[in-house]
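In: just coords:
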């Protein structure tokens with residue numbers, strides 16, 4: 001029996017990019033893309049969100065962040081280019097006090 005997975009367009013695009021970058025199985029990339037979608041919703045919701053990702057230098061970073069418009073509105077200049085164009089997700093790091101981003105394929109967990 002065939003199973004169907006229905007994805008939002010952005011999630012499908014993320015899954016494809018992750019597959020291309022990592023040579024992972026498509027189903028694994030879909031799982032990671034869904035995790036990114038869930039993280040983005042939590043970041044935007046107003047919750048302080050705890051998550052982990054692999055930094056470019058190989059270290060695991062456990063971050064506490066948000067993209068809640070009420071919190072970050074005075075920290076956004078509005079003329080920058082979206083991090084989505086670079087296959088990364090941006091967030092405001094509450095520990096570092098600044099904007100950070102990570103590559104989609106490097107997301108490890110959302111707590």
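Out: Now that the structure is in, tell me what you want to look at. What you are looking at is a predicted structure, and each value in this text was computed from that prediction instead of being measured. Numbers count the residues shown, from 1 in each chain.
In: for the least confident helix or strand in the chain by mean pLDDT, list every residue counted as buried.
Out: Averaged element by element with mean pLDDT, DSSP states H and E, the chain has its least confident helix or strand at helix 69-72 (a mean of 86). Using 16 or more other CB atoms under 10 Å as the test for burial, helix 69-72 gives residue 72. The C-beta positions use only the backbone N, C-alpha and C, and glycine is treated the same way.
In: would you list every one of the helices in the chain?
Out: For the chain, the helices defined by DSSP state H occupy 9-22, 26-45, 69-72.
In: least reliable of those by average pLDDT, please.
Out: Between these, the lowest average pLDDT goes to helix 69-72, which shows a mean of 86.
In: distance between that one and the chain's centre?
Out: When C-alpha coordinates are averaged (CA atoms, centre = their mean, to the nearest Å), helix 69-72 and its chain have centres 18 Å apart.
In: quick one: residues in contact with it.
Out: For helix 69-72, contacts defined as CB atoms under 8 Å, 6 or more residues apart in numbering pick out 44, 46, 66, 92.
In: ok so, going back, among the helices of the chain, which is nearest residue 57?
Out: Comparing these against residue 57 with CB to CB, the closest turns out to be helix 9-22 (17.6 Å).
In: and stretch 53-64, what's its mean pLDDT?
Out: Averaged over stretch 53-64, pLDDT sits at 97.
In: what's the end-to-end length of that stretch?
Out: In stretch 53-64, first residue to last residue: 11 Å (CA to CA, to the nearest Å).
In: same check on stretch 68-77?
Out: Start and end residues of stretch 68-77 are separated by 15 Å (CA to CA).
In: and that stretch, how far out from the chain middle?
Out: Distance of stretch 68-77 from the chain centroid (CA atoms, centre = their mean) equals 18 Å.
In: and for stretch 39-46?
Out: Taking CA atoms, centre = their mean, the mean C-alpha location of stretch 39-46 is offset from the chain mean by 10 Å.
In: in it, what counts as buried?
Out: 39, 40, 42, 43.
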